[in-house]
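>>> 3D, please:
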Amino acid sequence: MEEQSRWDRQAIFMGVAVLTGLYLAKLYNYLLFHTMVEVFSIVVACGIFVIAWNARRMMANNYFLFIGISFFFVGIVDFLHALAYKGFGVFTGYGANLATQLWVVARYLQGSSLLIAPLFIGRKVRPRLTAAAYLAVTALLLAAVFGEIFPDCFLEGQGLTPFKKGSEYLVSCLLIGSLVFMWKKTKSFDPAVVRLLSAASCFLITSELAFTLYNDVYGISNMMGHFLKFGGFYLLYKAIIETGLKRPYDLVFRELKESEERFRQLYLETPVMLHSIDPEWKLVSVSDYWLEHLGYQRDEVIDRRLTDFFVEDSRRYAELEILPQFFRTGFCKEVPYRLVKKSGELIDVQLTAAAERNEKGEIARSLAVMVDVTLRKRAEQEVELLNAELTARAVQLEEANSALQATLHQLETANHELEAFNYTVSHDLCIPLTSIDGYANLLLELSCEQLDDQGKGFVGEICSATDRMGKLISALLDFSRTGRSEINWTTVDLSLLARDVVAQLRIKEPERQVVFTIADGVVVDGDFQLLGAVLENLIGNAWKYTGKREEAAIEFGTTQCLEKPTYFVRDSGAGFDMGEAGLLFAPFQRLHGREEFEGNGIGLATVKRIIERHGGQVWAESEVGKGATFYFTLN
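The predicted structure is shown next:
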């Protein structure tokens, strides 16, 4: 009694210490606090599953097995909830709504499982079918959440949705129902366990109610809900372990001492290969499962030596080593044997035995259990084969790596050749174009009087075409270099770069009436030259497409999108149809005709390549006649 009291004091002290530690973690970092609580509940859920699943063949109370299977899937969803929590940054593109939806899914699974579990006390559970059913339900719920079919549960700036609050109240009702059903089955539990289950349910119900009150995922109501969940899971774990393992075995052995008949019935009917042998190694009793598994009748095995059912190697091993040793020490554990079924099939088993002694202390018989490990041994052999395959694949990967290195060398050579080709293009094409343009202008100057208006128009078209061709060649060369040039990382003042671009545009067309708004202090890490090209193209496009406005506005600034700083260039120009936005960043694609606005279709493709090389994204939003906004992010 004194020992139990001391254990209770230690448990209380440890509980207070853990809760204090969680509160200090919350003061330091709410995400740390949240993760610790969720990890605890996940470990408890998975621990219950592991114990229940591995003890399922010996389990008398299927309540525990059903809870174990269901809580494994609750743990999976809670794990995803922890990863999706606001600020964790695992699932990009989602807000606090995702974590709240996953929370609701986990609580529905938990509440409904606790409500249904008492129905399986004294009833058979098919573990694999139950696990498959939970897998299917969980998969469908997760698909609904990530497929954005599941109702919203939390809206930024508004807080919890009516669906979320209603779900918490419904889960509370499920937990209350589970509490009522459990009280109706009190005879199947120890009184102390009933108290623990009741307390756990109360903690979890109060936790659900607390989660109907918060507007901030980092708020005090949210924190109290997690504290209550922590306490509920601790009590639930303690109650289930005592229900599923400790108390059933205590009950069995107490009844064995009270009734020999009940022991005999249990021994015969238990789904385990049990047997006993006397000092002459003869079988004196076997369980029904032993007979069923090996295919014999009882009169075919009683009074026969156990080793008669072994293959020759196992027989010699048992008779020369294990059996003499057992009848000296009274114990053996997990001894490997190979048995022959009546059908002739060979199986591998592990035998563990303890001795039953008479009043003189002599070994009268063994109490032994055999576990069929045939499938496990096959699995081990398959693992060995897989390891051999992995080794072979590792060799293949090494060879592939060597081939990859050779390919990289070839690519490097190809890049050098491409550089040479680019030089040839710029030199061999630009010189003839310059000649054509020069002679066309000279023809216009020397033969102006001999040419009529149509002739002069033809010569003008030649000059315009060579000018466009030259600009296109220059743009193509710049586009090629952006994909191959090495990035020189440095601190870049985008605000200063934007002002330089604006100054150059005003010098070219001083008569334009354009209002520029440039945000101050926009500083990033990147390549100065490449980011300068990005702003030249984006602000240059804005300047071009506002050219038909008497008064135009162009803005460069920052906002927050995709949970990272986002930069934008906005204009009040011609805009474009969002239905054609997919063509926007493709080379040579133009959403406006050359007769409306000049250009070669390379600028935005260059922008996209530069931004992606900086680990970012670029996209645009627009409406015809109402301007356009180009957004981009950097790594």
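>>> how about the strands in the stretch 251-400 of the chain?
273-277, 283-286, 331-340, 346-357, 363-372 (DSSP state E, counting those that start in this stretch).
>>> to residue 150, which of the ones you listed lies closest?
strand 363-372 (43.9 Å; Cβ to Cβ). (Each C-beta comes from the backbone N, C-alpha and C, glycine too.)
>>> what does the closest one contact?
Strand 363-372 is contacted by residues 272-279, 284, 290, 293, 326-327, 330, 337, 339, 347-358 when judged by Cβ atoms under 8 Å, 6 or more residues apart in numbering.
>>> now do the buried residues in it.
Residues 363, 365-366, 368-370 are the ones in strand 363-372 that count as buried (16 or more other Cβ atoms under 10 Å).
>>> what's the spacing between the spatially most central residue of the chain and residue 205?
Most central in the chain under Cα atoms, centre = their mean is residue 80, positioned 6.3 Å from the mean C-alpha point. Going from residue 80 to residue 205 by Cβ to Cβ, to the nearest Å gives 24 Å.
>>> how about residue 137?
For residue 137, the distance to residue 205 - Cβ to Cβ - is 23 Å.
>>> these two - which one has more neighbours?
Between residue 137 and residue 205, counted using other Cβ atoms under 10 Å, the more crowded position is residue 205 (22 against 16).
>>> please report how far that one lies from residue 228.
Counting by Cβ to Cβ - residue 205 and residue 228 are separated by 9 Å.
>>> residue 403 too?
From residue 403 to residue 228 the distance is 59 Å (Cβ to Cβ).
>>> and residue 83, by the same measure?
22 Å.
>>> so those two - more neighbours on which side?
residue 228 (21 against 16).
>>> distance check, the residue lying closest to the more buried one once chain neighbours are set aside against residue 239.
Distances taken as Cβ to Cβ, 6 or more residues apart in numbering place residue 207 nearest to residue 228, at 3.6 Å, with adjacent residues excluded. Computed as Cβ to Cβ, the residue 207 to residue 239 distance reads 16 Å.
>>> residue 287 contacts residue 274, doesn't it?
Yes. If you go by Cβ atoms under 8 Å, residue 287 and residue 274 touch, sitting 4.0 Å apart.
>>> residue ranges with poor pLDDT in the stretch 151-300 of the chain?
188-190, 214-219, 240-269 (pLDDT under 70).
>>> where do the helices sit along it?
162-184, 191-210, 220-241, 247-258, 260-269, 288-294 (DSSP state H, counting those that start in this stretch).
>>> need the contact partners of the first one.
Spelled out, that is helix 162-184. 100, 104, 107-108, 110-112, 114-115, 117-119, 151-154, 189, 194, 197-198, 201-202, 204-205, 208-209, 211-212.
>>> again with the shortest one
Counting contacts by Cβ under 8 Å, 6+ apart, the residues outside helix 288-294 that touch it are 268-275, 297-298, 301, 309, 339, 341-342, 370, 372.
>>> could you turn the buried ones of those residues into a ChimeraX selection?
Those of the contacts of helix 288-294 that count as buried under 16+ other Cβ under 10 Å are selected in ChimeraX with:
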select :268,270,273,274,275,301,309,339,370
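>>> output stretch 126-144 in PDB with nothing but the alpha carbons.
Provided in PDB are the C-alpha atoms of stretch 126-144 (Å, rounded to 0.1, in the frame of the first residue of the first chain):
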ATOM      1  CA  ARG A 126     -11.600  -9.200 -37.900                       C
ATOM      2  CA  PRO A 127      -8.500  -7.200 -37.600                       C
ATOM      3  CA  ARG A 128      -7.500  -7.000 -41.300                       C
ATOM      4  CA  LEU A 129     -11.000  -6.200 -42.500                       C
ATOM      5  CA  THR A 130     -11.400  -3.500 -39.800                       C
ATOM      6  CA  ALA A 131      -8.000  -2.000 -40.700                       C
ATOM      7  CA  ALA A 132      -8.900  -2.000 -44.400                       C
ATOM      8  CA  ALA A 133     -12.200  -0.300 -43.600                       C
ATOM      9  CA  TYR A 134     -10.500   2.400 -41.600                       C
ATOM     10  CA  LEU A 135      -7.900   2.800 -44.300                       C
ATOM     11  CA  ALA A 136     -10.600   3.400 -46.900                       C
ATOM     12  CA  VAL A 137     -12.600   5.800 -44.700                       C
ATOM     13  CA  THR A 138      -9.400   7.700 -43.800                       C
ATOM     14  CA  ALA A 139      -8.300   7.900 -47.400                       C
ATOM     15  CA  LEU A 140     -11.700   9.200 -48.500                       C
ATOM     16  CA  LEU A 141     -11.700  11.900 -45.800                       C
ATOM     17  CA  LEU A 142      -8.100  13.000 -46.600                       C
ATOM     18  CA  ALA A 143      -8.900  13.100 -50.300                       C
ATOM     19  CA  ALA A 144     -11.900  15.300 -49.500                       C
END
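>>> how many other residues sit next to residue 391?
Counted with other Cβ under 10 Å, residue 391 comes out at 10.
>>> and for residue 97?
21.
>>> that one belongs to a helix?
Yes. Checked against DSSP: H, G, I helix; E, B strand; the rest coil, residue 97 lies within a helix.
>>> so who does the nearest residue to it once chain neighbours are set aside touch?
Ranked by Cβ to Cβ, 6+ apart and with sequence neighbours excluded, the top spatial neighbour of residue 97 is residue 154, at 4.8 Å. For residue 154, the contacting residues are 95-97, 99-100, 160-161, 164, 217, by Cβ under 8 Å, 6+ apart.
>>> can you name the residues bridging to residue 154?
residue 160 (DSSP bridges).
>>> correct me, but residue 286 touches residue 298?
Yes. With contacts counted by Cβ under 8 Å, residue 286 reaches residue 298, the gap being 6.9 Å.
>>> so where do the strands sit in the stretch 501-635 of the chain?
514-518, 523-527, 552-561, 564-571, 618-622, 628-632.
>>> so for stretch 35-44, mean pLDDT?
Averaging pLDDT along stretch 35-44 yields 82.
>>> buried stuff in that stretch?
So stretch 35-44, judged by 16+ other Cβ under 10 Å, has buried residues 35-38, 40-42, 44.
>>> okay, angle between the longest helix seen in the chain and strand 346-357 too, please.
If you go by DSSP state H, the chain has its longest helix at helix 374-424. With axes from the mean of the first three to the mean of the last three Cα atoms, to 10 degrees defining the directions, helix 374-424 sits at 130 degrees from strand 346-357.
>>> just give me how far helix 374-424 sits from the chain centre.
Taking Cα atoms, centre = their mean, to the nearest Å, the mean C-alpha location of helix 374-424 is offset from the chain mean by 27 Å.
>>> and that helix, what does it pack against?
strand 346-357, helix 453-482 (3 or more Cβ pairs under 8 Å, 6 or more residues apart in numbering; DSSP states H and E).
>>> got a list of contacts for the first one?
So the one you mean is strand 346-357. Residues contacting strand 346-357 (Cβ under 8 Å, 6+ apart): 273, 276, 311, 326-327, 330-341, 363-374, 377.
>>> shaky segments in the stretch 401-550 of the chain?
In the stretch 401-550 of the chain, residues with pLDDT under 70: 411-431, 433, 435, 437, 439, 444, 456, 461, 464-485.
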